[in-house]
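Student: Model the following, please.
(2 chains)
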Amino acid sequence: MSNSSLWWLIALLSLTAYGLKAFGFVLAGGRRMPPVLERCLGLIPAALLAALVAKDTLTLAQAVVVDARLAGVAVAGVAVWRRAPFIVVVLVAMVATALVRAVA
Amino acid sequence: MTDSEAGQPEPTAADPVERRRVVSASVTLGAAVGVTALSFGLAAVSAGASVWQACVLSFFTFTGASQFSAMSVVGAGGSAVAAFGGAALLAVRNFVYGLALAGRISVDDDGRRLSLGRRLVAAHFVIDETTAMTTTQVTPRLARTAFWVTALSLFITWNLGTLVGALAGSLLDTQALGFDAAFPAAFLAMLPPHLRTRQGRLAALTGAVVCVALTPFVPVGAAILVAVVGVLFGARP
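Tutor: Now for the predicted structure:
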């Protein structure tokens, strides 16, 4: 991505994120949404975060690949399960990935 | 606070103690988030952003999951549209938080409604952590303290952490050090609270499977957007 596209992305994302926060907080505040909508919107992070884990572990551009990252994420999974702090999860994933790369 | 106090005027005598507890919890949370910001700064730079771009993103977008998501798609070589789409979808939950917080934060200690200007400033800080801290307080006054102290503490540590992480990342050989594994690990660490319900687990499983299955057939980053079909598990109670 070019430098200018990246700046556009940053500007647009910042405006959108602020717009969503302000729309709920300042304009629509206190009102309830239809329960179906509330349940579906509540599931967005589950679906998207899991998709992002899968994408960053098993794909490179348009290819599905198994490489050192899978080892890193597996170790991170154990760290998450053991309720390790965020930075520990990230660090062990990086170290495990780098180690597998160095050995392979 | 005991049950007998519920519905009484807000306690004033016990307030300083409770307030200190809330302030200290909020500041501790800020420190933890600062460390997360370090990894965001590192990851953003390894994905191709400049130090300056990582910092501007943290300052103005100020919602971690969306920032990580956008940089992850950028790093994978996706288009700006794909990067924006996934990040914007993740930011929809901030809208839901805004609905929940408005009644708690929009008035001052005397019950007067905050000016539009102050509410517009407060809106920038409507995120996961402020929502969690605010909605768990037992009195409106403590809720307001929790909101503003968490907001200030996180805003400082998130931006400082991003700067330090990005500077460090710009000095290191990110590929050799396994920095590409920082993204999936970060997303994995954010996932557990969303897996508590059966619907959440089904949505997550669907999202992951759809994303990998579609990746070879759609533009880079677009599979993330389709993976959002997982939310349809919320259609039935």
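
Student: Going by C-alpha atoms from here, please, whenever you check contacts or count neighbours.
Tutor: Will do.

Student: Domain parsing of chain B, as residue ranges.
Tutor: B:17-190, B:191-237 (automatic domain parsing).

Student: so how far does the shortest one reach from one end to the other?
Tutor: In domain B:191-237, first residue to last residue: 21 Å (C-alpha to C-alpha, to the nearest Å).

Student: could the domains of chain B be laid out in TSV, adding distance to residue A:6?
Tutor: Output for the domains of chain B, formatted as TSV (distance: least, C-alpha to C-alpha, whole Å):
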stretch	distance to residue A:6
domain B:17-190	7
domain B:191-237	15
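
Student: how about those domains, which one is nearest residue A:72?
Tutor: Closest of those to residue A:72 is domain B:17-190, at 6.3 Å (criterion: C-alpha to C-alpha).

Student: any idea how far residue A:94 is from chain B?
Tutor: Plainly put, residue A:94 is 5 Å away from chain B if you go by C-alpha to the nearest C-alpha, to the nearest Å.

Student: three-state assignment of that residue?
Tutor: With DSSP: H, G, I helix; E, B strand; the rest coil as the basis, residue A:94 sits in helix.

Student: Grab the nearest non-local neighbour of it.
Tutor: Nearest non-adjacent residue to residue A:94, counting by C-alpha to C-alpha, 6 or more residues apart in numbering or on different chains: residue B:178, 4.6 Å away.

Student: pLDDT at the closest residue to residue B:184 other than its chain neighbours, what is it?
Tutor: Spatial nearest neighbour of residue B:184, excluding adjacent residues (C-alpha to C-alpha, 6+ apart): residue A:53 at 4.4 Å. As predicted, residue A:53 sits at a pLDDT of 96.

Student: My read is that residue A:53 contacts residue B:211, right?
Tutor: No - look at residue A:53 against residue B:211 with C-alpha atoms under 8 Å: they stay out of range, at 9.6 Å.

Student: Neighbour count for those two, which is higher?
Tutor: More crowded of residue A:53 and residue B:211, by other C-alpha atoms under 10 Å in any protein chain shown: residue B:211, with 30 against 26.

Student: element containing the more buried one, please.
Tutor: helix B:198-214 (DSSP states H and E).

Student: for chain A, which spans come out with low pLDDT?
Tutor: For chain A, the stretches with pLDDT under 70 are A:29-30.

Student: Ok, chain B next?
Tutor: In chain B the weaker segments, taking pLDDT under 70 as the threshold, are B:1-14, B:174-176.

Student: Tell me which stretches of it form helices.
Tutor: Taking DSSP state H to define them, one finds helices in chain B at B:15-46, B:51-60, B:64-75, B:80-105, B:116-123, B:128-135, B:140-171, B:182-190, B:198-214, B:222-226.

Student: Which of the ones you listed sits closest to residue A:41?
Tutor: Closest to residue A:41 of the helices of chain B is helix B:80-105 (C-alpha to C-alpha; 6.9 Å).

Student: Tell me the buried residues in the closest one?
Tutor: Buried residues in helix B:80-105, defined by neighbour count with 16 or more other C-alpha atoms under 10 Å in any protein chain shown: B:80, B:82-105.

Student: just stretch B:45-53 next, same as before
Tutor: Across stretch B:45-53, burial judged by 16+ other C-alpha under 10 Å covers B:45, B:46, B:47, B:48, B:49, B:50, B:51, B:53.

Student: For that stretch, output the C-alpha coordinates as CSV.
Tutor: Provided in CSV are the C-alpha atoms of stretch B:45-53 (Å, rounded to 0.1, in the frame of the first residue of the first chain):
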residue,chain,number,x,y,z
VAL,B,45,5.8,-0.7,12.0
SER,B,46,6.5,-4.3,11.0
ALA,B,47,3.3,-4.1,8.8
GLY,B,48,4.8,-1.1,6.9
ALA,B,49,3.5,2.0,8.8
SER,B,50,5.9,4.8,9.8
VAL,B,51,6.4,5.7,13.4
TRP,B,52,4.4,8.9,12.8
GLN,B,53,1.5,7.0,11.1
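
Student: Does that stretch reach chain A?
Tutor: Yes - for stretch B:45-53 and chain A, the contact criterion (C-alpha under 8 Å from any C-alpha of the partner chain) is met by B:49, B:53.

Student: contacting residues around that stretch?
Tutor: Contacts with stretch B:45-53, where a contact means C-alpha atoms under 8 Å, 6 or more residues apart in numbering or on different chains, come from A:6-7, A:10, B:41, B:44, B:54, B:71-72, B:74-76, B:163, B:166-167, B:169-170, B:174-175, B:179-180.

Student: quick one, helices of chain A?
Tutor: A:3-22, A:35-42, A:44-58, A:68-81, A:86-103.

Student: who's in contact with residue 71?
Tutor: Using chain A. Shown in contact with residue A:71 (C-alpha under 8 Å, 6+ apart): A:93, A:96, A:97, A:100.

Student: My question was about chain B, not that one.
Tutor: With contact taken as C-alpha under 8 Å, 6+ apart, residue B:71 is in contact with B:43, B:44, B:47, B:49, B:83.
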